[in-house]
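**Student:** no sequence for this one, just the structure:
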């Protein structure tokens, strides 16, 4: 049997799935390289804006596809793992199939979300041998779009980035949320602020809203988020509704970092955490549950320990575990 060699197409920067998978390959002893997708998005500003408005199409879509094929000639991968709504396009994926290189996609976002919908990617989807989706909600749509094999594969955590660190008073908070200030998330954060709860918000766009701007602490690298998680009494976990999420990357990451989690109630979250976390369904319930957790340090400690056991100690939930699943699937004829 040929030893696997993996070319990852993704973002090499910290906190991105492409970087996590590259490190996972090293943990598994699998030869791997990463080609960054940023090269696809260059070009004249006016043309880039026009292409984005028309089709969210990268200016260098075809050229990037050729770069992927050239890298395959040099590196000779057995599999190409593309992360998310990303080039290469359909033509390059068909050429990979001709070369008998398995191309799969770990679909980090929902391509049917109107904010992400792109015709060029719709055309590319059926060319993947397997599409791995971390959301059960879009599996039927992916099959209807012509995908040959659709497999549910949850997000994960990276032990190098997501681990328990000591708390510090400098970044302490009552409730911590890490993620973008989406329109449906802002009212929830505003509720917590209005309730007099000390909120810390890391991610984009929170500074655009008067009620949440004082709680905004920037974006934060992995070390910052680890410390903020350790220093927060409660970690709020919200799905991205426009993505039809049942869980998010932070669902795994906060548990691995030892956070006490207040989690939006979904079937996927129930599967992951059972009764180890606190759930809520409505904004009022969210505030009430946060207050109860803040008043009960022992409950917070027990919950954090229980969710950490489920995800880290007892579960196979690292990105190395996910990459192993991908490679086992692509190795099957």
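**Tutor:** All right, it came through fine. Quick caveat, the model's predicted, so the values are computed rather than measured.

**Student:** Next, please give the residue ranges for the helices of the stretch 201-333 of the chain.
**Tutor:** 222-231, 249-256, 267-273, 283-294, 297-308, 319-331 (DSSP state H, counting those that start in this stretch).

**Student:** Could you list every helix and strand that the fourth one packs against?
**Tutor:** Spelled out, it's helix 283-294. strand 173-178, helix 186-194, strand 232-237, strand 261-264, strand 278-280, helix 297-308 (3 or more C-beta pairs under 8 Å, 6 or more residues apart in numbering; DSSP states H and E). Every C-beta, even on glycine, is put in place using the N, C-alpha and C of the backbone.

**Student:** Give me the mean pLDDT for it.
**Tutor:** Per-residue pLDDT over helix 283-294 has a mean of 98.

**Student:** Repeat that for the third one.
**Tutor:** Confidence for helix 267-273, expressed as mean pLDDT, is 98.

**Student:** And for the fifth one?
**Tutor:** pLDDT averaged over helix 297-308 equals 98, rounded to a whole number.

**Student:** From the chain's centroid, how far away is that helix?
**Tutor:** Relative to its chain's centre, helix 297-308 lies at 24 Å (C-alpha atoms, centre = their mean, to the nearest Å).

**Student:** what about residue 57, which SS state?
**Tutor:** State at residue 57, reduced to three classes by DSSP: H, G, I helix; E, B strand; the rest coil: coil.

**Student:** From what I see, it and residue 123 are in contact.
**Tutor:** No - judged on C-beta atoms under 8 Å, residue 57 makes no contact with residue 123 at a distance of 10.8 Å.

**Student:** More neighbours: these two, which one.
**Tutor:** residue 57 (20 against 15; other C-beta atoms under 10 Å).

**Student:** tell me the phi and psi of that one?
**Tutor:** With angles defined as degrees, to the nearest 10, residue 57 sits at phi -90, psi 130.

**Student:** give me every residue that touches it.
**Tutor:** Applying C-beta atoms under 8 Å, 6 or more residues apart in numbering, we find residue 57 in contact with 51, 118, 119, 120.

**Student:** If we ignore the residues flanking it in sequence, what's nearest the residue nearest to the spatial centre of the chain?
**Tutor:** With distances taken as C-alpha atoms, centre = their mean, residue 249 lies nearest the centre of the chain, 4.2 Å away. Once flanking residues are discounted, residue 249 sits nearest to residue 155: 4.6 Å by C-beta to C-beta, 6 or more residues apart in numbering.

**Student:** circling back to that earlier point, quick check, pLDDT for the residue nearest to the centre of the chain.
**Tutor:** 98.

**Student:** From residue 144, how far off is it?
**Tutor:** 26 Å (C-beta to C-beta, to the nearest Å).

**Student:** Equivalent analysis for residue 275, please.
**Tutor:** Relative to residue 144, and taking C-beta to C-beta, residue 275 is found at 36 Å.

**Student:** one step back: next, find the distance separating the residue nearest to the centre of the chain from residue 149.
**Tutor:** 23 Å.

**Student:** Over to residue 212?
**Tutor:** For residue 212 relative to residue 149 (C-beta to C-beta), the value is 42 Å.

**Student:** And for residue 123?
**Tutor:** 18 Å.

**Student:** likewise residue 78?
**Tutor:** 17 Å.

**Student:** Comparing these two, which residue is more hemmed in?
**Tutor:** Higher neighbour count among residue 78 and residue 149: residue 78, with 18 against 14, using other C-beta under 10 Å.

**Student:** mind listing what that one touches?
**Tutor:** Residue 78 neighbours (C-beta under 8 Å, 6+ apart): 2, 3, 4, 5, 6, 101, 102, 330.

**Student:** surely residue 133 meets residue 139?
**Tutor:** Yes - counting by C-beta under 8 Å, residue 133 touches residue 139, with 6.1 Å between them.

**Student:** buried stuff in stretch 59-70?
**Tutor:** By 16 or more other C-beta atoms under 10 Å, the buried positions in stretch 59-70 come out as 59, 60, 61, 64, 65, 67, 68, 69.

**Student:** Format these as a markdown table; extra columns: pLDDT, distance to residue 267 and secondary structure.
**Tutor:** Formatted as a markdown table, the buried residues of stretch 59-70 follow (pLDDT from 0 to 100; distance: C-beta to C-beta, whole Å; DSSP: H, G, I helix; E, B strand; the rest coil):
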| residue | pLDDT | distance to residue 267 | secondary structure |
| --- | --- | --- | --- |
| 59 | 91 | 40 | coil |
| 60 | 93 | 40 | coil |
| 61 | 95 | 36 | helix |
| 64 | 97 | 37 | helix |
| 65 | 97 | 37 | helix |
| 67 | 97 | 40 | helix |
| 68 | 98 | 36 | helix |
| 69 | 98 | 40 | helix |
